[in-house]
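Participant: I need the structure of the sequence given here:
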Amino acid sequence: MEAGSSSVGGNPTRAARLARIEEVRRGLVGTVDGLGHGLDEGIVEAVVVINTVGFPTRQSCEGHAGHGLPYPWIDVQAGGQPRYRFDSERRHWEAAYAEVAASVGTEDRRGMHSHHWEDLEAAVERQQSGDPAPRNEKGLPEWEAWWKKQKELEAKFESVLGAFLSGEGAKLAVKDLEVRSVEYFPMVRVAGFRVGEGAVLDLHGDEEEKFLKEISQDEASLARRREALYMFVEWLREKYLAGEDFVAVE
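Facilitator: Reported below is the predicted structural model:
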């Protein structure tokens with residue numbers, strides 16, 4: 001008999017929530033990103049649990065020693081993100097899509113491929129040069145509404161992770177979890193490393209490259225960071241199965 005199976009039978013909430021975890025798993029396993037890559041085997045369970053409790057994810061990686069990022073990471077992002085933040089951005093990109101589509105003989109962006117990306121970027125630059133964005137341009141209403149939802153999601157996730165780190169997570173000899181705010185791609189990143197006490201890392205370009213050179217990238221360090229992430233995920237899973245609600249699932 002599986003450990004804990006008797007409690008499942010006697011706890012309708014736990015049974016229903018276990019079923020919900022499996023439902024989310026079925027929906028996620030086998031999905032691919034824009035490059036055709038599926039979920040890494042070493043990150044599947046974390047992605048499933050985080051989605052189940054109400055934090056939608058955008059992308060993830062189990063981490064790699066020697067190449068890529070030397071820690072597992074999961075990007076959490078509110079659903080329904082509008083395509084454009086600013087009206088000028090919408091104008092520039094729509095005009096660029098039309099220009100490149102015409103040059104390759106297709107009616108719209110669906111006929112384009114990844115090798116057209118450089119042409120698109122060049123077309124956008126031409127649009128920006130001829131039609132500069134207004135200074136202090138305000139975001140589109142739909143973006144502002146979504147951004148508010150995203151920041152609320154981020155704050156909630158930070159609160160949940162903080163609760164773990166002050167409780168079960170305090171047992172970690174080295175705390176290897178943090179919430180990273182990635183401003184240029186609006187999302188909250190749960191990363192397999194942590195900088196300082198309660199720090200939120202927000203690095204760009206050269207700063208990020210410098211940081212990656214300073215942290216350990218060996219297999220043992222990666223394994224430790226994965227273990228820290230899964231300690232958090234297991235804590236989250238048990239809280240959820242016990243009936244705790246973290247966010248309202250839309």
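Participant: Which parts of this structure belong to which domain?
Facilitator: As assigned by automatic domain parsing, the chain contains the domains 5-81+141-241, 87-130.
Participant: would you turn those domains into CSV with distance to Val247, mean pLDDT and mean neighbour count?
Facilitator: Placement of C-beta: from N, CA and C, glycine included. CSV is the format used below for these (distance: least, CB to CB, whole Å; pLDDT from 0 to 100; neighbours: other CB atoms under 10 Å):
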stretch, distance to Val247, mean pLDDT, mean neighbour count
domain 5-81+141-241, 4, 74, 16
domain 87-130, 29, 82, 14
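Participant: what about the helices in the protein?
Facilitator: Assignment of helices within the chain using DSSP state H yields the ranges 5-10, 12-28, 44-52, 87-104, 117-130, 141-166, 205-214, 219-241.
Participant: Give me the residue at the spatial middle of this structure.
Facilitator: For the chain, the residue nearest the mean C-alpha position is Asp75 (1.2 Å; CA atoms, centre = their mean).
Participant: what's the spacing between that residue and Phe157?
Facilitator: Between Asp75 and Phe157 the distance, using CB to CB, to the nearest Å, works out to 11 Å.
Participant: ok, back up a step: now tabulate the helices of the chain in TSV and tack on distance to His37.
Facilitator: As requested, the helices of the chain are arranged in TSV below (distance: least, CB to CB, whole Å):
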stretch	distance to His37
helix 5-10	34
helix 12-28	13
helix 44-52	13
helix 87-104	25
helix 117-130	17
helix 141-166	24
helix 205-214	21
helix 219-241	19
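Participant: So for Gly80, which of those helices sits nearest?
Facilitator: For these, distance to Gly80 was read as CB to CB. The smallest value, 6.0 Å, belongs to helix 141-166.
Participant: How far away from the center of its chain is that closest one?
Facilitator: 12 Å (CA atoms, centre = their mean, to the nearest Å).
Participant: Over to stretch 230-244?
Facilitator: If you compare the mean C-alpha spot of stretch 230-244 with that of the full chain, they lie 19 Å apart, counting by CA atoms, centre = their mean.
Participant: who's in contact with Val53?
Facilitator: Taking CB atoms under 8 Å, 6 or more residues apart in numbering, we find Val53 in contact with Leu236, Tyr240, Phe246, Val247.
Participant: so what's the first one up against?
Facilitator: Residues touching Leu236, when contacts are defined by CB under 8 Å, 6+ apart, comprise Val49, Ile50, Val53, Val160, Phe164, Phe246.
Participant: can you check the last one too?
Facilitator: Contact criterion CB under 8 Å, 6+ apart gives Val53, Gly54, Phe55, Leu153, Lys156 as the residues in contact with Val247.
Participant: again, 10 Å this time
Facilitator: With contact taken as CB atoms under 10 Å, 6 or more residues apart in numbering, Val247 is in contact with Val53, Gly54, Phe55, Pro56, Ala78, Glu152, Leu153, Lys156, Phe157, Val160.
Participant: and these as a markdown table, adding distance to Arg90?
Facilitator: Putting those into a markdown table (distance: CB to CB, whole Å) gives the following:
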| residue | distance to Arg90 |
| --- | --- |
| Val53 | 34 |
| Gly54 | 30 |
| Phe55 | 28 |
| Pro56 | 24 |
| Ala78 | 20 |
| Glu152 | 25 |
| Leu153 | 24 |
| Lys156 | 30 |
| Phe157 | 29 |
| Val160 | 34 |
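Participant: Nearest to Ala95, out of those residues: which one, please.
Facilitator: When the contacts of Val247 are compared against Ala95 (criterion: CB to CB), the nearest one is Ala78, at 28.2 Å.
Participant: ok, the closest one to Gln59 distance?
Facilitator: 14 Å.
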